[in-house]
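S.K.: what's the 3D shape of this:
(one chain, ligands or ions: 1)
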Amino acid sequence: MKNTIVTLKEAKQKNKKITMLTAYDYSTAKLMDEAGVNAILVGDSLGMVILGYTDTISVTMEDMIHHSKAVSNGCKQALVVTDMPFLSYQTSTYDAVVNAGRIMKEGRAGAVKLEGGSEVIEQIQAIVKASIPVMGHLGLTPQSIHSFGGFKVQGKNETAAKKILEDAIALQEAGVFAIVLECVPEALAKLISDKLTIPTIGIGAGAGCDGQVLVYQDMLGMYGELTPKFVKRFGNVGEQMKEAFSTYIKEVQEGAFPAKEHCFTIEEEIIAKLY
Ligand code: KIV
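M.R.: Here you go, the predicted structure:
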């Protein structure tokens, strides 16, 4: 059964935890889908883990659409949520609707995600009005990294915590179907999750959220540049990949690969005639 925004809302009502992971390509998305993840986020984190930038600022609409299409092709069941990149919605409600529409039409996503609170309410309302499901994102919103002065926990003092709570309520009222809470204190995320009727998806926000999301390169040990405290390594795929690459290099250099079983045959007489 295809997961939809309704499935996610129902999961909260039934007290069932929602699972989400990022993916950026067909084969990884297919593996996650077959494993039974509820939703896949084509995150603009692809700027860092796929394209090698130090942040998400330079990610374009074309990048997002390209990867969203690939992920969508790999998903039979998971809801595909695709990030709207920096300056694709902040500039105007018109830009927001047109770009969200492109992500749905060209990127084949089931929903879009955008970052921010009260400052993007009009954009959210306009996108929802165009029948496009929107996921919100509060707390550490990486597109605002230069205003925050780095990747830091958000909502630690009373004013900041109150602002995140008020933004969460405003986003719910504007029509988002779920909200990602990134890098906020556990107790604040729990309070927000308890107050909202829509699900919260936490990343660095503790177990009180209605679901969890992780960047798959982080949880598999494939991205060494930045390992946040909230990441748990569920595998050591990076090391396994390196080992396999080294073995391949060695075997090719030593002539051990390809072996007979990897080769195609032809009748000897045909070859003899060609010499
Ligand atoms: O871009 C992304 O991967 C995200 C997650 C960190 C939630 O927004």
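S.K.: how far away is I124 from E182?
M.R.: The gap separating I124 from E182 is 17 Å, by CB to CB, to the nearest Å. For every residue, glycine as well, the C-beta is placed using N, CA and C.
S.K.: surely V49 and L226 touch.
M.R.: No. V49 lies out of contact with L226 (CB atoms under 8 Å); the separation is 9.6 Å.
S.K.: give me the pLDDT value at G224.
M.R.: Per-residue pLDDT puts G224 at 82.
S.K.: please disregard the earlier target; I meant A174.
M.R.: 98.
S.K.: then the one 5 residues further on?
M.R.: Among the per-residue scores, I179 shows a pLDDT of 98.
S.K.: what do you get for F151?
M.R.: 86.
S.K.: next, count neighbours for it.
M.R.: For F151, the count of nearby residues is 14 (other CB atoms under 10 Å).
S.K.: any idea how far it is from the ligand?
M.R.: 11 Å (CB to the nearest ligand atom, to the nearest Å).
S.K.: do E243 as well
M.R.: 27 Å.
S.K.: A helix includes that residue, no?
M.R.: Yes. Counting by DSSP: H, G, I helix; E, B strand; the rest coil, E243 is part of a helix.
S.K.: flag every residue of the stretch 101-250 of the chain that's near the ligand.
M.R.: The stretch 101-250 of the chain has residues 137, 180, 182, 203, 213, 215 near the ligand, with proximity defined as CB under 6 Å from any ligand atom.
S.K.: neighbour-wise, which of V49 and L226 wins?
M.R.: V49 (19 against 12).
S.K.: returning to that earlier point: just the buried ones from the residues of the stretch 101-250 of the chain next to the ligand?
M.R.: 137, 180, 182, 203, 213, 215 (16 or more other CB atoms under 10 Å).
S.K.: which strand or helix spans the first one?
M.R.: If I follow you right, that is H137. Here H137 sits within strand 134-139, counting by DSSP states H and E.
S.K.: which residues touch the next helix or strand after that strand?
M.R.: Per DSSP H and E, strand 134-139 leads on to helix 145-148 as the next helix or strand towards the C-terminus. Helix 145-148 is contacted by residues 55-57, 140, 151, 154 when judged by CB atoms under 8 Å, 6 or more residues apart in numbering.
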